[in-house]
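In: build me a structure from this.
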Amino acid sequence: MFFLPYNKNLKEFSRDLRSHSTLSEILLWQKLRASQFRGYAFNRQKPLGNYIVDFYCLKLDLVIEVDGNSHFFEESVVEDQERQKVIERMGVNFLRFSDLEVKRSMPSVLEEIGYFIDDFEKKIS
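Out: Modelled structure (predicted):
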């Protein structure tokens, strides 16, 4: 596990993002909060380095991003890819879901997160 820098300057912005979450973020948070998904604790709108990620689990070294329509413009795609590369260099894994996937296929989203956890648990056992 790498040391993940915490940018205190992002603390207020992170709080603001939590209070203005998208519907998809709220729906997924209802499944991940309070360690209710297979016992793993997630944070939402977590500052990592100079970025804020939608969901983060320290124990799994996992970021989960929910991408809405604004993430599909060419400029946003490039920014997201660069941001993801920077965070992955910190030793963190990524799962990405579209806004629609979360709204329309929550069981599939949770199943994919579950597959990641299964792989993680196999590696540490």
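
In: which secondary structure element of the chain has the lowest mean pLDDT?
Out: helix 11-19 (a mean of 71; mean pLDDT, DSSP states H and E).

In: report the buried residues of it.
Out: Within helix 11-19, the residues that count as buried by 16 or more other Cβ atoms under 10 Å are 14, 17. Using the backbone N, CA and C atoms, a C-beta is placed for each residue, glycine as well.

In: elements contacting that helix?
Out: strand 43-48, strand 51-57 (3 or more Cβ pairs under 8 Å, 6 or more residues apart in numbering; DSSP states H and E).

In: distance to residue 90, mean neighbour count and mean pLDDT added to these, as TSV?
Out: TSV is the format used below for these (distance: least, Cβ to Cβ, whole Å; neighbours: other Cβ atoms under 10 Å; pLDDT from 0 to 100):
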stretch	distance to residue 90	mean neighbour count	mean pLDDT
strand 43-48	7	20	91
strand 51-57	10	21	94
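
In: which one of those strands lies closest to residue 91?
Out: Among the helices and strands packed on helix 11-19, strand 43-48 comes nearest to residue 91, with 10.8 Å by Cβ to Cβ.

In: given that closest one, what are its sheet partners and their directions?
Out: Strand 43-48 sits in its sheet next to strand 51-57 (antiparallel), going by DSSP bridges.

In: quick one: residues in contact with the strand it pairs with.
Out: 10, 13-14, 17, 25, 28-29, 32, 40-46, 48, 62-66, 83, 86-87, 92 (Cβ atoms under 8 Å, 6 or more residues apart in numbering).
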